[in-house]
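A.B. asks: coordinates for the following, if possible.
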Amino acid sequence: MISAALEVLNFLFKNFTFLFSLIFYTILAIALSKSIKKNERIYYWVCGIISAMFIIPMIGRWTGWFSFSFYSVPIVGNFVSEFSSFAYIGHALFVIIMYMGAFSTKHKPVARLMSIRKHLSIIVGFPVFVHMLKRIFTAIHAFGFFTDREAYMESPRNVSELAAGISSVVFILGLVMFVLFLVLWITSFDSVRLKMKAKKWKQLQRWSYGLYAMLFIQAFGLQLSSYINQCEREKMAAQTEQVLTTHNVGGERGGDKANIAMADAQKLQSHDRQESMQAGKGQPQAKQAPKGGHRHHPKRFSLSEVQIDRKTGSLIKMLILLAVYGSYLFFRIRKAKRDKEKRAKRQK
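C.D. replies: Take a look at the predicted model:
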């Protein structure tokens, strides 16, 4: 039973990181709620130090002062990398904080989470700040879609102009989110919040709903862009194969169609090589079956053997996002109606 549960979690972690992180950090936040409330400064300092381990080397590389990176340090490098990845921590904690306002504190798990909502809002800010800095300087090329679209589309990763347009718009939306996030995050610290009037602070925090909406649009847009790209790549591969087959059968050489087909094929192959090099790192080689006349027993089905291609994965992730954010909207509206009914009864 335990091995089956671990297998499911491992499958979710490898293929659906957001869903795994959502489950994992919900359980972790409930378990550590008392500790976080009691030792909030320790948690802030730990998150701040980890953030500095990413930001300082990043500044060193940008300025040319030094090229050291914690990524090269065993174990520590993996931890810093995961800390800066939005899917691992930031997105999940944002959704957990978002969901707190949709349920009643009569339920003990919700009450425990609600008691540290302010603390989680500050904690989540550290990995999100690191991630956004990372994205700004690694995805700045997305502006090329608007400044020099022809040159931008020559990149092997940009197969579909529609997909490239969506991802570029999403990047600009991310910049707006970054500014809004900074305002909400900074005003969550007691040293800043206590200097503000309570009414003004509450009005400002209502912008968090806008941040949640933009977060959904960005996450969904990235997956939609990936899905469209994969569909276009399959279409191009099929057209390329058809054109090349036709020319080979007809004994023709050259021609505009053949040249275009070859260019498309080279572009797809270049992108495939980049993906295979990234995916191949750290992947164990398949074991060969033992030779001889040993009796072979039928293998038990394992989730680790299930392979999900990028197109299917993007489609499933979009459905997960719709389910998560759609259910939040349902529960939040339901709670608002119930709260309104309770206030009406009290007034009577």
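A.B. asks: quick one: average pLDDT of stretch 160-170?
C.D. replies: For stretch 160-170, mean pLDDT is 89.
A.B. asks: in that stretch, what counts as buried?
C.D. replies: 160, 163-170 (16 or more other C-beta atoms under 10 Å). Just so you know, the C-beta spots here come from the backbone N, C-alpha and C atoms, and that holds for glycine as well.
A.B. asks: now stretch 310-320
C.D. replies: Neighbour counts over stretch 310-320 (16+ other C-beta under 10 Å) mark 311, 313-315, 317-318, 320 as buried.
A.B. asks: next, format these as a markdown table and append pLDDT, distance to residue 47 and secondary structure.
C.D. replies: Output for the buried residues of stretch 310-320, formatted as a markdown table (pLDDT from 0 to 100; distance: C-beta to C-beta, whole Å; DSSP: H, G, I helix; E, B strand; the rest coil):
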| residue | pLDDT | distance to residue 47 | secondary structure |
| --- | --- | --- | --- |
| 311 | 86 | 36 | helix |
| 313 | 86 | 30 | helix |
| 314 | 89 | 30 | helix |
| 315 | 91 | 34 | helix |
| 317 | 90 | 27 | helix |
| 318 | 93 | 30 | helix |
| 320 | 92 | 26 | helix |
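A.B. asks: closest to residue 43 among those?
C.D. replies: Closest to residue 43 out of the buried residues of stretch 310-320 is residue 320 (28.3 Å), distances taken as C-beta to C-beta.
A.B. asks: just the ones of the buried residues of stretch 160-170 in helices?
C.D. replies: Assignment to helices by DSSP state H places the following of those there: 163-170.
A.B. asks: okay, and residue 321 sits in which element?
C.D. replies: helix 310-347 (DSSP states H and E).
A.B. asks: name the helices or strands packed onto that helix?
C.D. replies: helix 17-31, helix 90-100, helix 208-250 (3 or more C-beta pairs under 8 Å, 6 or more residues apart in numbering; DSSP states H and E).
A.B. asks: angle of it against helix 208-250?
C.D. replies: On the basis of axes from the mean of the first three to the mean of the last three C-alpha atoms, to 10 degrees, helix 310-347 is oriented at 160 degrees to helix 208-250.
A.B. asks: which parts of helix 310-347 are buried?
C.D. replies: Residues 311, 313-315, 317-318, 320-321, 324-325, 328, 332 are the ones in helix 310-347 that count as buried (16+ other C-beta under 10 Å).
A.B. asks: how much distance is there from stretch 124-135 to the middle of the chain?
C.D. replies: 12 Å (C-alpha atoms, centre = their mean, to the nearest Å).
A.B. asks: which ones are touching the residue lying closest to residue 335 once chain neighbours are set aside?
C.D. replies: For residue 335, ignoring the flanking residues on the chain, the nearest one in space by C-beta to C-beta, 6 or more residues apart in numbering is residue 102 at 5.6 Å. Contacts for residue 102 (C-beta atoms under 8 Å, 6 or more residues apart in numbering) come out as 328, 331-332, 334-335.
A.B. asks: can you give me the end-to-end distance of stretch 147-160?
C.D. replies: One end of stretch 147-160 to the other measures 17 Å (C-alpha to C-alpha, to the nearest Å).
A.B. asks: where in the chain is the helix or strand with the lowest mean pLDDT?
C.D. replies: helix 256-280 (a mean of 52; mean pLDDT, DSSP states H and E).
A.B. asks: could I get the ones in helices among the buried residues of stretch 160-170 as a markdown table with distance to residue 194?
C.D. replies: Listed next are these as a markdown table, based on distance: C-beta to C-beta, whole Å:
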| residue | distance to residue 194 |
| --- | --- |
| 163 | 46 |
| 164 | 46 |
| 165 | 44 |
| 166 | 42 |
| 167 | 41 |
| 168 | 41 |
| 169 | 38 |
| 170 | 36 |
